[in-house]
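[1] any chance you can model this:
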Amino acid sequence: MGTSTRITGRGRLALRAAKAASWASLKAGRGKGSMIGGLVALKIDPRLMEQLGQGRRTVLVTGTNGKSTTTRMTAAALETMDSVATQADGANMDAGIVAALVANQDAPLAAIEVDELHTPHVADALDPEAIVLLNLSRDQLDRVGEINMIERKLRAGLERHPDAVVVANCDDVLVTSVAYDHPNVVWVAAGAGWAGDSVSCPRTGEPILWEDGHWRSTGSEFARPEPDWWVDDENLYGPDGLVLPMTLTLPGRANRGNAAQAVAAAVALGADPAAAVAAAGVVEEVAGRYKTVQVGPHSVHMLLAKNPAGWQEALSMIDPTVDGLVIAVNGQVPDGEDLSWLWDVRFEHFEGVQVVASGERGTDLAVRLTYAGVEHTLVADPVRAIASCPPGRVEVLANYTAFRDLNTALAKGAAHV
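    You can find the predicted model right below:
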């Protein structure tokens, strides 16, 4: 039975209005129109998401960093079983989720990226079969708030879904706390490159003690669970002695952890582990992230980072032999207008790399680089910043709107400037 047969009359009206709004947006050159379509649909029928989710086997993916990448890997792994509804653009709030479900109404599976704040009510609407919890760290305080508040909200949300399989990163203290009491957890040792927001137990306030990659609360029995899945530089290890070679197209240790959680979620829904690993391994670009584009005489590799943990991980992916590094920072509302987090990121290891500070808040970044002892120049426009680098390979690391705007500029032909 197709999803369309479960839509109410009001819901069908919402879908027609969404289609019209998307068409008008596309014709006006304002983009693909999926987001405006989702917004219009939800205005007409606020319960449309619930209707679109009925009958689907859904995986939700949430966390501070890695949501889009893990969702793409999860979708790829699930596609080894059947067709999958998912977001292609990382739109992870209600309108974007509805747009993704509308775009593939008859897909029996769904891999849905969800903003941390939206996860509880999205889970209530979609009744997911699995929920992937990646990591929790400080993000945009002026939008999201304190991270312990997010942990409590997610924990309360999970209590309403005891039958869902929770695929949780046991290396992350806050994620472990969210999932600790759940009756159906698959623990994955996905790594925790950033521990700056997990110095105390979220349940008791007691200090967290780290020893050889394991952690425990000093005042209670709360401690790192033994993982069901884990990775090293070559293999993915799973239940019952499973060992699978895992080679990824995407760089970085964090993406190996993301892939492990994606595979674990797909296997929980019945995917063959080897097929799921192979599918996740060929994911090479996620909404423009990690892609390489030619910009005049420069081969430009694009990386996105949005908060201290994400920046630290992305910086570890920078190739020290590149001919130039452009770091672009904006401070618009989607980025978080408070950029004090720049002082939490270690920029001190770029000896020998030509660094250019860029973006609307390039001056703030330049001050931070100066205190870090990093020689750099300041070129506000990221396209011109790329042009200022020596010919050859250039890494670009940008936060959200700087990354978005640079992609837009390149798509409009700035690559030929």
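[2] low-scoring stretches of this protein, by residue?
    For the chain, applying pLDDT under 70 flags the ranges 1-5, 26-34, 139-145, 193-198, 414-417.
[3] ok, now which ones touch the residue positioned nearest the centre of it?
    What sits nearest the mean C-alpha location of the chain, by C-alpha atoms, centre = their mean, is K67, with 2.3 Å. K67 is in contact with 61, 90, 92, 113-114, 134, counting by C-beta atoms under 8 Å, 6 or more residues apart in numbering. In short, each C-beta sits where N, CA and C put it, glycine included.
[4] against P382, how distant is L406?
    Distance, L406 to P382, using C-beta to C-beta, to the nearest Å: 5 Å.
[5] need the overlap of contacts for the two.
    328, 396, 398.
[6] among the residues you listed, name the ones in helices.
    Using DSSP state H, no member of the shared contacts of L406 and P382 sits in helices.
[7] so which of those wins on neighbours?
    Counting neighbours by other C-beta atoms under 10 Å, A328 comes out on top of the shared contacts of L406 and P382 with 28 neighbours.
[8] thought it was touching R404?
    No. Using C-beta atoms under 8 Å, A328 is not in contact with R404, being 10.7 Å away.
[9] and A17, how many residues sit next to it?
    Neighbour tally, A17, other C-beta under 10 Å: 16.
[10] relative to S22, how far out is Y400?
    Distance from Y400 to S22, by C-beta to C-beta: 23 Å.
[11] which one's more surrounded, these two?
    A count of neighbours by other C-beta under 10 Å puts S22 above the other of Y400 and S22, at 23 against 19.
[12] my guess is the more buried one meets A41, correct?
    No. Between S22 and A41 there is no contact under C-beta under 8 Å: 9.6 Å.
[13] so which residues of the stretch 51-200 of the chain form strands?
    57-62, 84-86, 109-113, 130-133, 165-169, 185-189 (DSSP state E, counting those that start in this stretch).
[14] show me what the longest one is packed against.
    Contact here means 3 or more C-beta pairs under 8 Å, 6 or more residues apart in numbering; DSSP states H and E; on that basis strand 57-62 packs against helix 67-78, strand 109-113, helix 119-126, strand 130-133, helix 253-268.
[15] may I have the strands that pair with that strand, each with its orientation?
    Applying DSSP bridges, strand 57-62 is found paired with strand 109-113 (parallel), strand 130-133 (parallel).
[16] could you do the shortest one as well?
    In the sheet containing strand 84-86, the strands it pairs with under DSSP bridges are strand 109-113 (parallel).
[17] now the strand it pairs with: how far from the chain's centre is it?
    Chain-centre distance of strand 109-113: 13 Å, with C-alpha atoms, centre = their mean, to the nearest Å.
[18] same question for stretch 307-319.
    Worked out by C-alpha atoms, centre = their mean, stretch 307-319 lies 14 Å from the chain centre.
[19] what's the burial count for the spatially closest residue to H182 that is not a sequence neighbour?
    Once flanking residues are discounted, H182 sits nearest to V166: 5.0 Å by C-beta to C-beta, 6 or more residues apart in numbering. V166 has 24 neighbouring residues, counting by other C-beta under 10 Å.
[20] let me know the distance separating V166 from G238.
    Taking C-beta to C-beta, one finds V166 at 17 Å from G238.
[21] same check on H301?
    On the measure of C-beta to C-beta, H301 and G238 end up 32 Å apart.
[22] now the strands: where do they sit in the stretch 301-417 of the chain?
    Counting by DSSP E, counting those that start in this stretch, the strands of the stretch 301-417 of the chain are 324-328, 355-358, 376-378, 392-398.
[23] nearest to L248, out of these?
    Across the strands of the stretch 301-417 of the chain, L248 has its closest neighbour in strand 392-398 (18.6 Å, C-beta to C-beta).
[24] enumerate every residue touching N135.
    Taking C-beta under 8 Å, 6+ apart, one finds 63-66, 169, 172, 174-175, 190, 192, 194, 309 in contact with N135.
[25] most neighbours among those, which one is it?
    Going by other C-beta under 10 Å, A190 tops the contacts of N135 with 33 neighbours.
[26] just list the residues touching the nearest residue to that residue once chain neighbours are set aside, thanks.
    Take A190 and drop its neighbours on the chain: the residue closest to it by C-beta to C-beta, 6+ apart is G257, 3.1 Å away. By C-beta under 8 Å, 6+ apart, the contact list for G257 reads 66, 169, 171, 188-191, 231.
[27] include distance to M73 when you put the residues you listed into JSON lines, please.
    Listed next are the contacts of G257 as JSON lines, based on distance: C-beta to C-beta, whole Å:
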{"residue": "G66", "distance to M73": "10"}
{"residue": "N169", "distance to M73": "14"}
{"residue": "D171", "distance to M73": "18"}
{"residue": "V188", "distance to M73": "13"}
{"residue": "A189", "distance to M73": "17"}
{"residue": "A190", "distance to M73": "12"}
{"residue": "G191", "distance to M73": "15"}
{"residue": "V231", "distance to M73": "13"}
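[28] list just the nearest of the residues you listed to G213.
    Within these, the smallest distance to G213 is 7.5 Å, found for D171 (C-beta to C-beta).
[29] neighbours around the closest one, how many?
    Neighbour count for D171, taken as other C-beta under 10 Å: 25.
[30] for the closest residue to it other than its chain neighbours, give its distance to G205.
    Spatially, and ignoring its direct neighbours in sequence, D171 is nearest to A192 (4.1 Å; C-beta to C-beta, 6+ apart). Remark: distance between A192 and G205 (C-beta to C-beta) = 20 Å.
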